[in-house]
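Colleague: got a predicted model here, sequence first, then my questions.
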Amino acid sequence: MSDHLDQRFIEDLSLEEQSVVRLDKLRRIQAEGNDPYPARVPPRTHTAAEALSLWLELSAGGVDEHGTPLGDNPSLTLAGRVVLWRTMGKATFGTIEDGSGRIQLYFKRDLLGEAQYEQLKRDLDIGDFLTATGDLFLTRSGEITLRVTACAIISKSLHPLPDKWHGLSDTEKRYRQRYVDLLANEESRAVFRTRSRMVTLMRRFLDGRGYLEVETPVLQPIYGGGAAKPFTTFYQALDQSFFLRIADELYLKRLIVGGFERVYEFAHDFRNEGADATHSPEFTMLELYEAYASYETMMALFEQMCVSLALELHGSLQFHYDGKQLDFTPPWRRVDMRDALIEHAGIDFDEYPDTEEGRQRLYHAARKVGIHVEPGMRWAKLLDEVLGATVEPTFISPTFLVGHPVALSPLAKRRPDDPQRTERFETYMAGFEMCNAFSELNDPTDQYARFVAAGRDAAAGDEEAHRMDVDFLTALAYGMPPTGGMGIGLDRLAMIFTGQTNIRDVILFPQLRSK
RNA sequence: GGGGGUAUAGCUUAAUGGUAAAGCAGCGGACUUUUAAUCCGUGGAUUAGGGUUCGAUCCCCUGUACCCCUACCA
């Protein structure tokens, strides 16, 4: 039945026995003059969900002993993927699924005619897309069902679907072939619907506050706005190496310089680093900047945004995540980094200045409280290690961590009361970082000094050190108003609101090694 | 990078140093209101390579992929 090209198709796609059978059915449908992939199909009059709710109206006037409405009973045309199929001789029940849900169809030989009925029985497989026209009735067991008078296969499926009851659970296949995961697992579809809804709500939230959504370059000649190893690429037309952005911070601030007072971007950022349950090398960050605002403004904004997300997505400010109870009720706890380190690690970083001597003493102090640190670690790195090991895991309900030292925050403004610390906060939920915000440093001379300091690390071989960006400094030198800015880890926030504990489960197509 | 785990039919699972089992899906048959329909019959599989062994899916080594922990990643 299959010609030469079909044989190659079977080999190249590694079609198994069942798929070859389906391919034969496909060819038979064509041989009988029907198109299994028609360009035009009868217009769908209702989705499954619409048909089900229509039944409430139709049945309001009562139904007869066959389950048919006594009153008006219009003809509807539905379409969807066949997910269940039960033939019982001269009658068949099938269930189709469309984007709105599922509905049962009833096929009766006497109604369809023997030829079409037998053809359907013979050529249709679970997984095929079907269009069906008929009227609604209620079966004996009380299920709303379409009594089909005309139908057609509108797309033939060659691969058998995963188990109708267990779905697809193989992790690797779920990531590699997300389409199979989605079509087989309603829970997976729900996760991505929720993520999408979350993004919509965030956009609406910001738009409602006069923010402007912008797009800035993914390919950047100098990577900046964070501390991370970049992906590198080559820009042929410019004959120059470029980097995939690790952040869009410095571009959004240029827009503030340019006079846009409130900007945001949902940015795909790229960091050429390890992947684990909370890190993906390609991830999404929402960054936003607001002129004449400070980190206090950002704190209130993030809190309000998350409260509205929790109410919209969970209907409550309290919900469970990974077995932990999270409480979003404002005001959120605010914890000073120095106080928290004294409390949880017994280390007061004010007693360890950022000098070689102070660094060494901090190293030993960290060792003493049992934290795994390396002798060569920089002061800021040591502090971060201690923080990550002792303080961060205690932040389950949303918590603002404030009071970061300048050395950890090269783009943040100094505190007026303590120039060695910054106007910065990070928000933690369920023990990991969700957001990072500060009063943006707008003093070009101080920013220059910070780049120079970072440049020493870069010269020492630290790929992650901030790079001197003269154009950015030039922008600041034209004058940037006092500005509050924030970066929100969108994937992580999606994990919180969808109950997922692995970042790959909220990314539609996570990268895996090629097989 | 280090450590641990997993890999069996299209899917979900079982078992064994001696012919690899089941449910769903498939194929053939019965059944004109089923509900994961049911009933009868039936084909199909041990991640790749090497070793030990009379014999390996199982034991050993190597590779590959995925997962977890750890490290890296503020």
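Modeller: Arrived safely, thanks for sending.

Colleague: contacts and neighbour counts: CA atoms only from here.
Modeller: Will do.

Colleague: which strands or helices does the longest helix seen in chain A pack on?
Modeller: For chain A, the longest helix by residue count, based on DSSP state H, is helix A:186-207. Applying 3 or more CA pairs under 8 Å, 6 or more residues apart in numbering; DSSP states H and E, one finds that helix A:186-207 makes contact with helix A:178-184, helix A:295-314, helix A:490-498.

Colleague: any bit of that helix sitting next to RNA strand B?
Modeller: No. Shown here: helix A:186-207 not in contact with RNA strand B (CA under 7 Å from any atom of the strand), separated by at least 13.6 Å.

Colleague: now do the helix or strand that that helix is followed by: distance to the chain's middle.
Modeller: Counting by DSSP states H and E, the next helix or strand C-terminal to helix A:186-207 is strand A:212-213. Taking CA atoms, centre = their mean, to the nearest Å, one finds the center of strand A:212-213 at 20 Å from the center of the full chain.

Colleague: elements contacting strand A:212-213?
Modeller: Right, strand A:212-213 is packed against strand A:262-270 by 3+ CA pairs under 8 Å, 6+ apart.

Colleague: by contact count, what packs against the strand it packs on?
Modeller: Counting by 3+ CA pairs under 8 Å, 6+ apart, strand A:262-270 packs on strand A:212-213, helix A:249-257, strand A:282-291.

Colleague: go with 6 Å
Modeller: Packing contacts for strand A:262-270, counted by 3 or more CA pairs under 6 Å, 6 or more residues apart in numbering; DSSP states H and E, involve strand A:212-213, strand A:282-291.

Colleague: so which of the helices and strands packed on helix A:186-207 gets nearest A:Ala277?
Modeller: When the helices and strands packed on helix A:186-207 are ranked by distance to A:Ala277, counting by CA to CA, first place goes to helix A:490-498 at 9.8 Å.

Colleague: and A:Ala389, how far from A:Ile496?
Modeller: 21 Å (CA to CA, to the nearest Å).

Colleague: please tell me how far A:Arg513 sits from A:Tyr179.
Modeller: From A:Arg513 to A:Tyr179 the distance is 18 Å (CA to CA).

Colleague: look at those two and report which has more neighbours.
Modeller: Neighbour count, other CA atoms under 10 Å: between A:Arg513 and A:Tyr179, A:Tyr179 has more, with 15 against 5.

Colleague: more neighbours, A:Ala389 and A:Ile496?
Modeller: Ranked by neighbour count (other CA under 10 Å), A:Ala389 and A:Ile496 place A:Ile496 first, with 20 against 16.

Colleague: can you say which of the helices and strands packed on helix A:186-207 is nearest to A:Gln420?
Modeller: Closest to A:Gln420 of the helices and strands packed on helix A:186-207 is helix A:295-314 (CA to CA; 16.6 Å).

Colleague: which residues belonging to the closest one are considered buried?
Modeller: For helix A:295-314, burial by neighbour count (16 or more other CA atoms under 10 Å) applies to A:295-299, A:301-304, A:306-310, A:313.

Colleague: and the stretch 51-200 of chain A, which residues reach RNA strand B?
Modeller: Counting by CA under 7 Å from any atom of the strand, the stretch 51-200 of chain A sits next to RNA strand B at A:66-67, A:84-91, A:93-94, A:108-110, A:122, A:125-126, A:138-143, A:145, A:159-172.

Colleague: in strands, which of those residues fall?
Modeller: Among those, the members falling in strands (DSSP state E) are A:Leu84, A:Trp85, A:Arg86, A:Thr87, A:Met88, A:Ala91, A:Phe93, A:Gly94, A:Lys108, A:Leu138, A:Thr145.

Colleague: PyMOL command to pick out the buried ones of the residues of the stretch 51-200 of chain A next to RNA strand B?
Modeller: To isolate the buried members of these in PyMOL, using 16+ other CA under 10 Å:
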select buried, chain A and resi 67+84+85+93+94+108+109+125+126+138+139+145+159+161+162+167+168
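
Colleague: who's in contact with the helix or strand harbouring A:Leu56?
Modeller: Secondary structure assigned from DSSP H and E places A:Leu56 in helix A:48-58. Helix A:48-58 is contacted by residues A:Ser100, A:Gly101, A:Arg102, A:Ile103 when judged by CA atoms under 6 Å, 6 or more residues apart in numbering.

Colleague: who's the last one bridged to?
Modeller: This means A:Ile103. A:Ile96 (DSSP bridges).

Colleague: show me what contacts it?
Modeller: Counted by CA under 6 Å, 6+ apart, A:Ile103 has contacts A:Ala48, A:Thr95, A:Ile96.

Colleague: closest one of those residues to RNA strand B?
Modeller: A:Thr95 (7.8 Å; CA to the nearest atom of the strand).

Colleague: count the neighbours of the closest residue to that closest one other than its chain neighbours for me.
Modeller: In this structure, A:Thr95 finds its nearest non-sequential neighbour in A:Gln104, 4.3 Å apart by CA to CA, 6 or more residues apart in numbering. By the criterion of other CA under 10 Å, A:Gln104 has 22 neighbours.

Colleague: check A:Cys435 too.
Modeller: Neighbour count for A:Cys435, taken as other CA under 10 Å: 23.

Colleague: equivalent analysis for A:Ala227, please.
Modeller: When neighbours are defined as other CA under 10 Å, A:Ala227 has 18 of them.

Colleague: I'd say it and A:Asp462 touch.
Modeller: No. Between A:Ala227 and A:Asp462 there is no contact under CA atoms under 6 Å: 9.7 Å.

Colleague: tell me which residue in the stretch 251-400 of chain A sits closest to RNA strand B.
Modeller: Proximity of the stretch 251-400 of chain A to RNA strand B (CA to the nearest atom of the strand) peaks at A:Gly274, 3.7 Å away.

Colleague: helix or strand: which one has that residue?
Modeller: Using DSSP H and E, no helix or strand contains A:Gly274.

Colleague: likewise A:Ile342?
Modeller: helix A:337-345.

Colleague: who in the stretch 201-350 of chain A is up against RNA strand B?
Modeller: Residues of the stretch 201-350 of chain A lying close to RNA strand B by CA under 7 Å from any atom of the strand are A:Gly226, A:Ala227, A:Ala228, A:Arg271, A:Glu273, A:Gly274, A:Ala275, A:Asp276, A:Ala277, A:His279.

Colleague: the same query, at a cut-off of 10 Å, please.
Modeller: Residues of the stretch 201-350 of chain A lying close to RNA strand B (CA under 10 Å from any atom of the strand) are A:224-230, A:246-247, A:270-281.

Colleague: now the terminal residues of stretch A:436-447, how far apart.
Modeller: 18 Å.

Colleague: that stretch near RNA strand B at all?
Modeller: Yes. Residues of stretch A:436-447 contacting RNA strand B under CA under 10 Å from any atom of the strand: A:Asn436.

Colleague: residues near A:Gln7, how many?
Modeller: Neighbours of A:Gln7 (other CA under 10 Å): 12.

Colleague: state the pLDDT value of it.
Modeller: Looking at A:Gln7, its pLDDT stands at 92.

Colleague: please identify the buried residues of the helix or strand hosting it?
Modeller: Element membership for A:Gln7 (DSSP H and E) is helix A:4-12. Across helix A:4-12, burial judged by 16+ other CA under 10 Å covers A:Ile10.

Colleague: over to stretch A:221-235?
Modeller: Residues A:Pro221, A:Ile222, A:Tyr223, A:Gly224, A:Gly225, A:Gly226, A:Ala227, A:Ala228, A:Lys229, A:Pro230, A:Phe231, A:Thr232 are the ones in stretch A:221-235 that count as buried (16+ other CA under 10 Å).
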